[in-house]
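**Q** What follows is a predicted protein model with its sequence.
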There are 2 protein chains.
Amino acid sequence: MAAKRRPFPSVGQKKKRTLQTENKKQLILKVATEVFAEKGFNEATISQIAQEAKIAEGSIYDYFKNKEDLLFSIPEERMENFLSGIHESLEGVKGALNKIRKIIWYHLNFYEKNKDYVVILLQNIQKNPRFNSTRAYRLIREFSKLVVQIIEEGKKEGLIRTDIDSPLLRDAILGAIEHITIRGSILGRLPTLTGAAETLYDFFASGIQPQSSAVTLPLREFLRMKESMGKRIYGKPAKT
Amino acid sequence: MAAKRRPFPSVGQKKKRTLQTENKKQLILKVATEVFAEKGFNEATISQIAQEAKIAEGSIYDYFKNKEDLLFSIPEERMENFLSGIHESLEGVKGALNKIRKIIWYHLNFYEKNKDYVVILLQNIQKNPRFNSTRAYRLIREFSKLVVQIIEEGKKEGLIRTDIDSPLLRDAILGAIEHITIRGSILGRLPTLTGAAETLYDFFASGIQPQSSAVTLPLREFLRMKESMGKRIYGKPAKT
DNA sequence: TAGTTAGGTGAATGATACTCATTTTAAAAA
DNA sequence: TTTTTAAAATGAGTATCATTCACCTAACTA
């Protein structure tokens, strides 16, 4: 046992000590991230991680409850960065659709810049039911709620159809992002992720049907035209 | 070693033997599916599977190379059913969009009816890189190609925008389906999956923007209106 | 200096995937 | 029917980890 013990009651040189401890934890996390990313959770061994971090196997258990806890600890810091980054990048963005566009871009960009991490998160962690009781998972939920909020906001603004089930739309958007990322990581196409952002946004925003067989125009314009004519008009988009 | 051995050169009562062997393999697969679904791959033990199948541990290795091979063998039969079912249900369906709608529905419906299997496939198998060299994975790829084909077909028919990257759209659609399914399985909401199909299709087909702030109408109608006026008209949908 | 404790260690333990020498079973031959 | 033969099945034994714990080291206090 080491890290769990109560620190000195004095305040003297304690900081230095704590810093070293914190450094060691970070070191283990860094090495573990590399090893897990390379070998996968099952094939990675504690002894290999210990060796590469140049510490004893037992020391790992001073900082983490077990191998799985070590794995689940990897996303914590990154998720915090992700979340604060999202909030930052949304500042000043007006309108739900623009926010969604930004989120899609930021999300793919984040994955593109955190390859090792993405492999671990998507392949080893996210679908493990025990991950749900994790701090990092709570952060993911928070993000997930944010997306729903933005969708609801969009409904109120009149920018998103009100008959849409918000959580379902969120799942569709996040699922699409994730799947594209996984395919990218398996096929080694991660560097092009960000380029897919605008296209992906467009699928959801405008749909996949062409505008050539139907014309969409602002309501005001439409009403003006209609007024100056006296004609029967279709209100719904052409369906096949 | 057992199952690998060459059968007798004669033809006599061989069938009975082979059948029993096949049955045993199926039995192991059935029990393994249950155990893996309940405990997850890591927590499930070979000894538990052997016990519940009422056979010796060693026998499992007569039929499967190792634990992972056993896991990866589970999707084979189901994927075959899935694929033939898809082809069947697409018979007589005209138009790429209708086919995509059908695929989304069939996919979600299949998952809804194969709960145990879905949990295993999505949580333990699909994102494992070694799964890529599997027979079952080849079937998934086949399905994946089918979707791309349909999208391309839709472009030629003029039903889908030609500026869309087909594999990207495929990934978005399949990713959305998968994510919704996973959320459903974690939250125990699988029974409502099929209900989400039409909504999901609609996200992609028509987009999420309301028709109230913009009006879409057939090109002929639009041209007729335009002709009888003399006005400047927008050709693109309103963006926020 | 002596005492205290955070911090670190690695051999020992137990669990489990996988192997293999042996036994059992049942088809084919005699 | 009895004998022969190879397929099937077995489970004790092996190797490989994850995890524990009794002990060590060094820094800080008094």
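**A** That came through, no problem.

**Q** Can you pull the poorly scored residue ranges out of chain A?
**A** A:1-20, A:211-240 (pLDDT under 70).

**Q** Let me see the domain layout of it.
**A** Domain segmentation of chain A under automatic domain parsing yields A:1-64, A:74-209.

**Q** The helix or strand containing A:Ile104 and chain B, are they touching?
**A** Per DSSP states H and E: A:Ile104 is located in helix A:96-113. Yes: using C-beta under 8 Å from any C-beta of the partner chain, helix A:96-113 reaches chain B at A:96-98. C-beta coordinates here come from the backbone N, C-alpha and C atoms, glycine included.

**Q** what's that helix packed up against?
**A** helix A:67-90, helix A:135-157, helix A:166-186, helix A:193-206 (3 or more C-beta pairs under 8 Å, 6 or more residues apart in numbering or on different chains; DSSP states H and E).

**Q** let's see 10 Å
**A** helix A:67-90, helix A:115-120, helix A:135-157, helix A:166-186, helix A:193-206 (3 or more C-beta pairs under 10 Å, 6 or more residues apart in numbering or on different chains; DSSP states H and E).

**Q** To B:Thr162, which of those helices lies closest?
**A** B:Thr162 lies closest to helix A:193-206 among the helices and strands packed on helix A:96-113, at 13.0 Å (C-beta to C-beta).

**Q** what's that closest one packed up against?
**A** helix A:96-113, helix A:166-186, helix B:166-186, helix B:197-206.

**Q** swap the cut-off to 7 Å and go again
**A** helix A:96-113, helix A:166-186, helix B:166-186 (3 or more C-beta pairs under 7 Å, 6 or more residues apart in numbering or on different chains; DSSP states H and E).

**Q** how about a markdown table for the ones you listed, with distance to B:Leu146 added?
**A** A markdown table is the format used below for these (distance: least, C-beta to C-beta, whole Å):
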| stretch | distance to B:Leu146 |
| --- | --- |
| helix A:96-113 | 26 |
| helix A:166-186 | 16 |
| helix B:166-186 | 9 |
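
**Q** Dump the ones you listed to TSV, plus mean neighbour count and distance to B:Ser206.
**A** As requested, the helices and strands packed on helix A:193-206 are exported to TSV (neighbours: other C-beta atoms under 10 Å in any protein chain shown; distance: least, C-beta to C-beta, whole Å):
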stretch	mean neighbour count	distance to B:Ser206
helix A:96-113	20	15
helix A:166-186	22	13
helix B:166-186	22	14
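
**Q** among the helices and strands packed on helix A:96-113, which is the most enclosed?
**A** helix A:166-186 (a mean of 22; mean count of other C-beta atoms under 10 Å in any protein chain shown).

**Q** What lies in contact with it?
**A** A:104, A:107-108, A:111, A:118-119, A:122, A:144, A:147-148, A:151-152, A:190, A:193, A:196, A:200, A:204, B:127, B:129, B:168, B:171-172, B:174-176, B:178-180, B:183, B:196, B:199-200, B:203, B:208 (C-beta atoms under 7 Å, 6 or more residues apart in numbering or on different chains).

**Q** Mind checking the helices and strands packed on helix A:193-206 for the one nearest to A:Ala37?
**A** Nearest of the helices and strands packed on helix A:193-206 (C-beta to C-beta): helix A:166-186, 10.0 Å.

**Q** With distance to DNA strand C as extra columns, can I get the helices and strands packed on helix A:193-206 in TSV?
**A** Listed next are the helices and strands packed on helix A:193-206 as TSV, based on distance: least, C-beta to the nearest atom of the strand, whole Å:
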stretch	distance to DNA strand C
helix A:96-113	31
helix A:166-186	23
helix B:166-186	23
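
**Q** Relative to A:Ser73, which of these is closest?
**A** helix A:96-113 (18.9 Å).

**Q** How far does the closest one sit from its chain's centre?
**A** 9 Å (C-alpha atoms, centre = their mean, to the nearest Å).

**Q** which residues are contacting it?
**A** Residues contacting helix A:96-113 (C-beta under 7 Å, 6+ apart): A:82, A:85-86, A:89-90, A:93, A:118, A:147, A:150-151, A:153-154, A:157, A:159-160, A:173, A:177, A:181, A:190-191, A:193-194, A:196-197, A:200-201, A:205, B:240.

**Q** Also stretch A:52-69?
**A** Taking C-beta under 7 Å, 6+ apart as the rule, stretch A:52-69 contacts A:1-3, A:24-25, A:27-28, A:31, A:35, A:46-47, A:49-50, A:70, A:73, A:130.

**Q** For that stretch, what is the distance to the chain centroid?
**A** 27 Å.

**Q** can you check stretch A:132-145 too?
**A** 10 Å.

**Q** right, and A:Gly158 touches A:Gly95 too?
**A** No: assessed by C-beta atoms under 7 Å, A:Gly158 is found out of contact with A:Gly95, at 10.4 Å.

**Q** okay, the angle between the biggest helix by length in chain A and helix A:67-90?
**A** Longest helix in chain A, counting residues (DSSP state H): helix A:14-39. Put simply, helix A:14-39 runs at 100 degrees to helix A:67-90, going by axes from the mean of the first three to the mean of the last three C-alpha atoms, to 10 degrees.

**Q** quick one, helix A:14-39 and helix A:166-186 angle?
**A** 70 degrees.

**Q** Does the helix or strand just after helix A:14-39 reach DNA strand C?
**A** Next along the chain after helix A:14-39, taking DSSP H and E as the criterion, comes helix A:46-53. No: Helix A:46-53 does not reach DNA strand C (C-beta under 7 Å from any atom of the strand); its nearest approach is 7.8 Å.

**Q** roughly how far out does helix A:46-53 sit from the chain middle?
**A** 29 Å.

**Q** Show me what counts as buried in it.
**A** A:46, A:48-50, A:53 (16 or more other C-beta atoms under 10 Å in any protein chain shown).

**Q** quick one: it near DNA strand D?
**A** Yes: counting by C-beta under 7 Å from any atom of the strand, DNA strand D has neighbours in helix A:46-53: A:46-47.

**Q** Is it possible to get a markdown table of the helices and strands packed on helix A:96-113 that adds distance to A:Asn42?
**A** Listed next are the helices and strands packed on helix A:96-113 as a markdown table, based on distance: least, C-beta to C-beta, whole Å:
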| stretch | distance to A:Asn42 |
| --- | --- |
| helix A:67-90 | 10 |
| helix A:115-120 | 13 |
| helix A:135-157 | 20 |
| helix A:166-186 | 18 |
| helix A:193-206 | 27 |
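
**Q** So which of these is nearest DNA strand D?
**A** helix A:67-90 (3.3 Å; C-beta to the nearest atom of the strand).

**Q** Run a quick neighbour tally on the residue nearest to A:Ile74 when sequence neighbours are not counted.
**A** In space, and not counting its chain neighbours, A:Ile74 is closest to A:Thr33: 5.5 Å by C-beta to C-beta, 6 or more residues apart in numbering or on different chains. By other C-beta atoms under 10 Å in any protein chain shown, 22 other residues sit near A:Thr33.
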